[in-house]
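In: take a look and give me a structure for this.
(one chain, ligands or ions: 1)
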Amino acid sequence: MTETKIPRATAKRLPLYYRYLNILHDGGKDRVSSNELAEAIHVDSATIRRDFSYFGALGKRGYGYDVDDLIEFFKNILHQDRLTNVALIGVGNLGHALLNFNFHQDSNIRISAAFDTNPKNINTIQGGVPIYPMDQIVAQLKEQQISVVILTVPSNVAQEVANQVAQAGVNGILNFTSIRLNVPAGIRVHNVDLTNELQTLIYFIDHYDKKSDEDE
Ligand SMILES: NC(=O)c1ccc[n+]([C@@H]2O[C@H](COP(=O)([O-])OP(=O)(O)OC[C@H]3O[C@@H](n4cnc5c(N)ncnc54)[C@H](O)[C@@H]3O)[C@@H](O)[C@H]2O)c1
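Out: A predicted model of the protein is given here:
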């Protein structure tokens, strides 16, 4: 398939579309209009049509979209047609919660390895996931063909750990620490910051009406 460069906001909506289309499929529905989708997932129909148009003409005028075709399409671009193993580094409060959250239940992603420096954690299994010492990171990531890691270590070691991860050939980091990481070109970092999200929410409540801006 040819790769289409799509806006980040569109990319972030793809899992939402995929999840809802599976619900439609499970309910026995075989076609859906952009208006129906819009109502269900609270994204306006023009945005949905524009998002879908990045991937070519997926719908037919007066017919809407074929649910199974769309599922197959999104399954492929979201890599949900195959299992993706990811690793987690730092099994403390947050890391532990993520290990116990079974991503695999509603996606084809699973945490298959975790890493830590604390001897109490190393060589134990938490949430069904083995925890390895950091000196095994390069070997394990290569062996398990892991190219994405979740970073939940203390902020003061985040850069040092990111450097180790870079050497292991990773190309994606989901960074929960408050540090903005410096990584070599070719590694993509997505930052997750709940404080930021809360502050933004509070700002919007104070300054705007209650309309959701999910489609921004
Ligand atoms: N983004 C968010 O919304 C959000 C929310 C909560 C916490 N955090 C951040 O997540 C991180 C973890 O928070 P926490 O409360 O789970 O901390 P924690 O101290 O409970 O856990 C950190 C874990 O990392 C391990 N660790 C320490 N140094 C390491 C190293 N060099 N290599 C590998 N593992 C190492 C520790 O042994 C520990 O198990 C912190 O950076 C925190 O600021 C972010």
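In: can you name the next helix or strand after the least confident helix or strand in the chain by mean pLDDT?
Out: Sorting the helices and strands of the chain by mean pLDDT, DSSP states H and E puts strand 59-60 at the bottom, at a mean of 69. Under the assignment DSSP states H and E, the closest C-terminal helix or strand after strand 59-60 is strand 64-66.
In: residues contacting that next one, please?
Out: 30-34, 36-37, 52, 58-59 (C-beta atoms under 8 Å, 6 or more residues apart in numbering). Every C-beta, even on glycine, is put in place using the N, C-alpha and C of the backbone.
In: neighbouring strands for it, and are they parallel or not?
Out: When sheet partners are counted by DSSP bridges, strand 64-66 sits next to strand 31-32 (antiparallel), strand 59-60 (antiparallel).
In: with respect to residue 83, which of these lies nearest?
Out: strand 31-32 (27.3 Å; C-beta to C-beta).
In: which elements pack onto the next helix or strand after the closest one?
Out: Sequence-wise, the next helix or strand downstream of strand 31-32 (DSSP H and E) is helix 34-41. Under the contact criterion of 3 or more C-beta pairs under 8 Å, 6 or more residues apart in numbering; DSSP states H and E, helix 34-41 touches helix 8-26, helix 45-53, strand 64-66.
In: could I get these as JSON lines with distance to residue 100?
Out: Below are the helices and strands packed on helix 34-41 laid out as JSON lines (distance: least, C-beta to C-beta, whole Å):
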{"stretch": "helix 8-26", "distance to residue 100": "21"}
{"stretch": "helix 45-53", "distance to residue 100": "33"}
{"stretch": "strand 64-66", "distance to residue 100": "36"}
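In: minimum distance to residue 150: which of those has it?
Out: Among the helices and strands packed on helix 34-41, the nearest to residue 150 by C-beta to C-beta is helix 8-26 (16.2 Å).
In: secondary structure class for residue 153?
Out: Here residue 153 takes the coil state, with states given by DSSP: H, G, I helix; E, B strand; the rest coil.
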